[in-house]
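> fold the stuff below for me.
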Amino acid sequence: MLRVPQLADGTPSTTQEYTDRLAWPRDHYLLRLQERVDPPVADLGDEQLDLAAQTHRFVDALQRTAAWATFVDARELLTGPVADQLRTVNTQLRAAMKPDRVDTVAGDVVERRNRYRVNQLHAAIARLDGDARVYVDAFSVLEELLQVTLSDVLGNFVSWGEPRPVEAGDVNAEADGRVSFIYPGPLEVGELRLLAASGVCGAVLVEGAYITERDGVPVMRYRGRLLPGTDALSR
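From the prediction side, this is the model:
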């Protein structure tokens, strides 16, 4: 059981209303999908997709990331006092997320309701300290990785297959795990490509592009997120 505020009832990750977060629907828990060895076959009308192979590859890659290892270690911190602190904060957060409370404070404007949920979640996390905060912060990092993986990356593999290599130039690695590079293109935002450059290898999710100059000539520079655990794909 994940005792994290992020998954309390009514939060941005569990609400049935608008959210920009990866959804963790309660009915999925009731289906006990997490206990299956393979995911169910996706029925797309005239076509059926067996996602088992892609899913196992993604799970294997996730389990090799620092985010996964850090969260696994953090779960060992759930002693009695830590669990009590999480239980108290989660109870307070669920009360703040009740529909009548959201109606009273945020009204019926969709974005205002979403912002209220986000702010209440951040406030709840801020009330934690010690090992409870370490545990929740570790989950935040892992959840962000899952958000990118399941929302943006897995669909690329299912729809287009293996990402194709890109012969990029002037590759710059940035501190936040992102990279920028020059490529004649074109590349689309949301596209997944393989990058193999000096010190930078792995799958890159393209997030933006802009025109710059190199030796007085206009060129396209792309910026993207380097996905952890994918360096082996570039070899």
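> where does R193 fall, helix, sheet strand or coil?
strand (DSSP: H, G, I helix; E, B strand; the rest coil).
> hmm, E162 and it touching each other?
No - with contact defined as C-beta atoms under 8 Å, R193 does not reach E162; the gap is 10.6 Å. For every residue, glycine as well, the C-beta is placed using N, CA and C.
> look at those two and report which has more neighbours.
Using other C-beta atoms under 10 Å as the criterion, R193 and E162 rank with R193 on top: 20 against 11.
> check contacts around T11.
Contacts for T11 (C-beta atoms under 8 Å, 6 or more residues apart in numbering) come out as 5, 93, 97, 117, 120-121.
> any chance of TSV for those residues, columns secondary structure, distance to G155 and pLDDT?
Listed next are the contacts of T11 as TSV, based on DSSP: H, G, I helix; E, B strand; the rest coil; distance: C-beta to C-beta, whole Å; pLDDT from 0 to 100:
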residue	secondary structure	distance to G155	pLDDT
P5	helix	28	96
L93	helix	31	97
M97	coil	29	96
R117	helix	25	97
Q120	helix	30	97
L121	helix	26	97
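> just for this protein, where's the confidence low?
The chain contains residues with pLDDT under 70 at 1, 39-50, 198, 232-235.
> contacting residues around I211?
Counted by C-beta under 8 Å, 6+ apart, I211 has contacts 218-221.
> need the longest strand for this structure.
strand 200-214 (DSSP state E).
> what packs against the following helix or strand past that strand?
Counting by DSSP states H and E, the next helix or strand C-terminal to strand 200-214 is strand 217-226. If you count contacts as 3 or more C-beta pairs under 8 Å, 6 or more residues apart in numbering; DSSP states H and E, strand 217-226 packs onto strand 178-182, strand 200-214.
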